[in-house]
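Asks: Here you go, sequence then predicted model.
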Amino acid sequence: MPRYEFSEGSSNKFWEIKLDGSSFTTTYGKVGTAGQTTLKQWKDAAEAQREHDKLIAEKTKKGYQLVGGASAPAAAPPAPKPTPAAKPAPAASGARYFEFSEGTSNKFWEIALAGNAVKTRYGKIGTPGQQTLKEFGDAAAAQKEFDKLVHEKTKKGYEERAGGGGPDPDEPHHAVPRGSGSARDARNPELENAIAADPSDRQAFAVFGDWLQEQGDPRGELIALQLANKDKSAKALIEEHVDYFLGPLADHQKTRDGLMNNGMSHLRTSAQQTEWEKVGEQAFLWRSGFIHRVRLSHDSYADEEWDGKSVDVLEQVLSHPSGRYVVEFAFMSNGDPNEDNLQDLIDLLGKKAPPTTRKITFGDNVDQISWHHTGNLESMWRGVPKLRVLEMETGEFDVGKMVAPSLERAIFITGGLSQACGKNIATATMPKIKHVEIYYGDDNYGGDCTVDQVLPLLGRTDLPQLEYLGLKNSKFADAIAAAVGGSRLVKQLKVLDLSKGTMSDEGAHALAASKSALAHLDVLDLTRNFLTEDGIKAVKGICKKVITADQEEADSDDPEDRYVAIAE
């Protein structure tokens, strides 16, 4: 097996490759260790040979030297040396670039993440410099080293710049943005703050895009194309500069759950649903030059080959310039959908969610809802103070101590809501909330709430903007019906939704007895309960509009024969 070694400073690494028909194995690590081995399969022997030769050429170009085994394939002619530019050439794709000047010393230092590796380049300003590549056990360890090195350099006086310190020997010519001396990831705090304050402001993006084009940053052109709805041209530009716009994210552009983003369809307008169907399995939805929505979902049964972690992909998104202004996040499965939860993703959002985060969806699945697990959201709230929409369609979860100062719409769809979570929702800090839907579910699936978890919510006077209240999918719907008449909160509502539960004529007559307290409502929704003709007659005319469609019929008068709409 051909063996190559690389030594520089304290770095002593080896790399081996063995071709076997339509596959090859590579082994790599520190000299003196067994290293790690990977196997890659190709469609035929010819493709495997091409990739084999390509990898050897790349390693030798980086300074690895053959020390044993078969001879390396003939090396390709050396690339012509770049012509020195009057201005510094751009930094490598997705890299952060720093300069240090003191006396006669003028140095640059550049660092970039590449999956589970950290790549650095350094030297005198105006020269290509030298490169190092350090590999780690996983992406999290690489990120930790990346942050550590940046901290050390800034502490020594290195200052971050938007431009580059010299041509990157490994960077193919076509990946350099148009125009010599152009900048990548040019920054303007004032213009960026305007976007962070209101990510729906197209004008803020337009102004930033114009400024970026003046700096030679290709993202400026992408912003202009996407604002003009020139999707094909925008897609072509991203593909042309994929290393810059996506970098390590290029391998994660599709979800890994075999689904087509069709959950929550009953909560969307027809226009929104059309957009979701159009994007299909896309993990990233682009708008105005940046990733607007991130949807990560991995079902290990649907994709058995991928052995990565969704949280590492999310970490890469949040660390990448293209993920700087994400507005929406959606997460469904995270490995085994019946066993694993989304806790690591939740915790990371709490630490690193961008200030533009306005909407988060957990679950997004109406099939076997109670089989799915989300986790506890308590660690998330501090990281998303401007969150406006929260949608949950999942099984086991808790909101924890919920402090959501900007939340306007919250939907909690589940087959079984726990008492702890019911209490936390009822007492949550959400002063701007306008719309709340709570599905209580069945005790066979963990739904052990009673009307006692509803009463604290009905007694609140600190939710001045709340207009829509849904107390739905409940096995204690009759008790809720008896409680709403004396509620201070109900007095301000426009819509009271008590649908999809087990309300009987007993509950209907309780509502009728509270007609004076409900007459102001625009809508009282009693869809899909267990009302008979007598119950329907009792609620008729309570308010402007009473909806009593699709009533179920119980097998007997026993309350246990009545069931909620969503359980398993």
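Replies: Looks like it arrived, so ask away. Quick caveat, the model's predicted, so the values are computed rather than measured.
Asks: Over to residue 133: give its phi and psi.
Replies: phi -130, psi 120 (degrees, to the nearest 10).
Asks: Now do the contacts for it.
Replies: Contact analysis of residue 133 by Cβ atoms under 8 Å, 6 or more residues apart in numbering lists 62, 114, 117, 118, 119. The C-beta positions use only the backbone N, C-alpha and C, and glycine is treated the same way.
Asks: Look up how far residue 145 lies from it.
Replies: To residue 145, residue 133 is 12 Å away according to Cβ to Cβ, to the nearest Å.
Asks: Over to residue 206?
Replies: For residue 206, the distance to residue 145 - Cβ to Cβ - is 38 Å.
Asks: Repeat that for residue 505.
Replies: 67 Å.
Asks: And those two? Which one has more around it.
Replies: residue 505 (19 against 15; other Cβ atoms under 10 Å).
Asks: Quick check, that one in contact with residue 533.
Replies: No - the pair residue 505 / residue 533 is not scored as a contact, 9.3 Å apart, by Cβ atoms under 8 Å.
Asks: following the worst-scoring helix or strand of the chain on mean pLDDT, which helix or strand comes up?
Replies: For the chain, scoring each helix and strand by mean pLDDT, DSSP states H and E identifies helix 270-279 as the least confident one, at a mean of 50. Once the chain leaves helix 270-279, the next helix or strand it forms, by DSSP states H and E, is strand 284-287.
Asks: could you say what helices and strands the helix or strand just after that next one packs with?
Replies: Note on strand 284-287: by DSSP H and E, the next helix or strand toward the C-terminus is strand 290-299. Contact partners of strand 290-299 among helices and strands, from 3 or more Cβ pairs under 8 Å, 6 or more residues apart in numbering; DSSP states H and E: strand 284-287, helix 310-319, strand 328-335.
Asks: Output the longest one as PDB, restricted to C-alpha atoms.
Replies: What follows is helix 310-319, C-alpha atoms only, in PDB (Å, rounded to 0.1, in the frame of the first residue of the first chain):
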ATOM      1  CA  SER A 310     -27.400  17.000  12.700                       C
ATOM      2  CA  VAL A 311     -26.100  19.200  15.500                       C
ATOM      3  CA  ASP A 312     -22.700  19.400  13.700                       C
ATOM      4  CA  VAL A 313     -24.400  20.500  10.500                       C
ATOM      5  CA  LEU A 314     -26.300  23.200  12.500                       C
ATOM      6  CA  GLU A 315     -23.000  24.300  14.100                       C
ATOM      7  CA  GLN A 316     -21.600  24.700  10.600                       C
ATOM      8  CA  VAL A 317     -24.600  26.700   9.500                       C
ATOM      9  CA  LEU A 318     -24.300  29.000  12.400                       C
ATOM     10  CA  SER A 319     -20.600  29.500  11.900                       C
END
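Asks: what's the angle between it and strand 328-335?
Replies: Helix 310-319 and strand 328-335 are oriented at 160 degrees to each other (axes from the mean of the first three to the mean of the last three Cα atoms, to 10 degrees).
Asks: Let me know the average pLDDT across helix 310-319.
Replies: Taken as a whole, helix 310-319 has a mean pLDDT of 94.
Asks: Other residues contacting it?
Replies: 113, 138-140, 143, 247-249, 252, 283-284, 291, 294, 296-298, 323, 326, 331, 334-335, 344-345, 348-349, 352-354.
Asks: That helix relative to strand 290-299, how many degrees between them?
Replies: 180 degrees.
Asks: What are the boundaries of the strands in the stretch 51-200 of the chain?
Replies: 65-68, 96-102, 105-114, 117-124, 130-135, 159-161 (DSSP state E, counting those that start in this stretch).
Asks: Of all those strands, which one is nearest residue 236?
Replies: Residue 236 lies closest to strand 105-114 among the strands of the stretch 51-200 of the chain, at 24.3 Å (Cβ to Cβ).
Asks: what is the mean pLDDT for the closest one?
Replies: Mean predicted confidence for strand 105-114 is 86.
Asks: May I have that strand as PDB, with CA atoms only?
Replies: What follows is strand 105-114, C-alpha atoms only, in PDB (Å, rounded to 0.1, in the frame of the first residue of the first chain):
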ATOM      1  CA  SER A 105       6.900  43.200  10.300                       C
ATOM      2  CA  ASN A 106       3.800  42.900   8.100                       C
ATOM      3  CA  LYS A 107       2.200  39.400   8.400                       C
ATOM      4  CA  PHE A 108      -1.100  37.800   7.600                       C
ATOM      5  CA  TRP A 109      -2.800  34.800   9.100                       C
ATOM      6  CA  GLU A 110      -5.900  33.000   7.700                       C
ATOM      7  CA  ILE A 111      -8.000  30.200   9.200                       C
ATOM      8  CA  ALA A 112     -10.900  28.100   7.800                       C
ATOM      9  CA  LEU A 113     -12.900  25.100   8.900                       C
ATOM     10  CA  ALA A 114     -13.200  22.100   6.700                       C
END
